[in-house]
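Student: model the following, please.
(2 chains)
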There are 2 protein chains.
Amino acid sequence: MGSVAADSLDRLIHERLRLGIVSALAAEEELSFGDLKQILQTTDGNLSVHARKLEEAGYVKVTKAFEDRRPRTAYRLTTKGRRSLEAYLKQMETILSEAREALERS
Amino acid sequence: MGSVAADSLDRLIHERLRLGIVSALAAEEELSFGDLKQILQTTDGNLSVHARKLEEAGYVKVTKAFEDRRPRTAYRLTTKGRRSLEAYLKQMETILSEAREALERS
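Tutor: I've put the predicted structure just below:
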């Protein structure tokens, strides 16, 4: 049953803001810090903390460059990050469809 | 886009073990502490902490009784808990389907 799987869910991706970051990056080749901040409607501090966790896990690659003399931090999903999102989605889809079934049955 | 919604996800249900508890209770009229522990393969401490949070939020109703002179703690999903799971599923299904689409497009 789905609930058994809950404990083996990828903790790194499951956190709400990190799920948002990873999903946003799955949709785009690359996003800047500012893009992500706007998409996710969050604070600099929150975004930094969670993006760093994803970077440390190797799920996200960060590059820093200058654009018109201003620093620009860009984020991409790595192959490892993509595979982990893939696995997470698969597990979570199962959990949700079992919960949905239980709700509809009862 | 799905990532926007991530921050508004019900924090109480989103936590992995609590999602497991709520899903398991959606499937059954009532489960005992021991049933939940077995289904979720977790420790007494962990289960107590998370079940209590769900109880405090009014998502779960706990009753204590004696059965064959031994105490039995039973858990049920309340109407509020059921509605919250319903809302969570709806939001999460959207987030996941958008992430799935992004993965398949890229």
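Student: what pLDDT does A:Leu9 get?
Tutor: The predicted structure scores A:Leu9 at 85 on the pLDDT scale.
Student: so how many other residues sit close to it?
Tutor: Neighbour count of A:Leu9, defined by other CB atoms under 10 Å in any protein chain shown: 18. Placement of C-beta: from N, CA and C, glycine included.
Student: that one against A:Tyr88, yeah?
Tutor: Yes. The pair formed by A:Leu9 and A:Tyr88 meets the contact definition of CB atoms under 8 Å, at 6.8 Å.
Student: which neighbours do the two have in common?
Tutor: Both A:Leu9 and A:Tyr88 lack any common contact, where contact means CB atoms under 8 Å, 6 or more residues apart in numbering or on different chains.
Student: can you list contacts of stretch A:46-56?
Tutor: If you take CB under 8 Å, 6+ apart as the criterion, stretch A:46-56 is touched by A:12, A:15, A:17-18, A:21-22, A:33, A:36-37, A:40, A:60-62, A:75, A:81.
Student: let's see that with 6 Å instead.
Tutor: Counting by CB atoms under 6 Å, 6 or more residues apart in numbering or on different chains, the neighbours of stretch A:46-56 from elsewhere in the structure are A:17-18, A:36-37, A:60, A:62.
Student: got it, and stretch A:31-40?
Tutor: Taking CB under 6 Å, 6+ apart as the criterion, the residues outside stretch A:31-40 that touch it are A:20, A:24, A:47, A:72-75, B:3.
Student: would you double-check that A:Lys64 falls in a helix?
Tutor: No. Going by DSSP: H, G, I helix; E, B strand; the rest coil, the assignment for A:Lys64 is strand, not a helix.
Student: which stretches of chain A form helices?
Tutor: Listed from the start of the chain, chain A has helices (DSSP state H) covering A:2-5, A:11-14, A:16-27, A:33-40, A:44-56, A:79-105.
Student: just name the most buried of the ones you listed.
Tutor: The highest mean neighbour count among the helices of chain A belongs to helix A:16-27 (a mean of 25), with neighbours defined as mean count of other CB atoms under 10 Å in any protein chain shown.
Student: and chain B, is that one touching that?
Tutor: Yes. Counting by CB under 6 Å from any CB of the partner chain, chain B is contacted by helix A:16-27 at A:16, A:19-20, A:23-24, A:26-27.
Student: list just the nearest of those residues to B:Met92.
Tutor: Among the residues of helix A:16-27 next to chain B, A:Leu19 lies closest to B:Met92 (CB to CB), at 9.4 Å.
Student: low-scoring stretches of chain A, by residue?
Tutor: A:1-7 (pLDDT under 70).
Student: tell me the contacts of the residue most central in space within chain A?
Tutor: Central residue of chain A (CA atoms, centre = their mean): A:Val22, 2.5 Å from the mean position. Taking CB under 6 Å, 6+ apart as the criterion, A:Val22 is in contact with A:13, A:85.
Student: before we move on, the earlier item: got a markdown table for the contacts of stretch A:31-40, with distance to B:Glu98 too?
Tutor: What follows is the contacts of stretch A:31-40, written out as a markdown table (distance: CB to CB, whole Å):
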| residue | distance to B:Glu98 |
| --- | --- |
| A:Gly20 | 11 |
| A:Ala24 | 10 |
| A:Leu47 | 19 |
| A:Arg72 | 26 |
| A:Thr73 | 24 |
| A:Ala74 | 22 |
| A:Tyr75 | 18 |
| B:Ser3 | 8 |
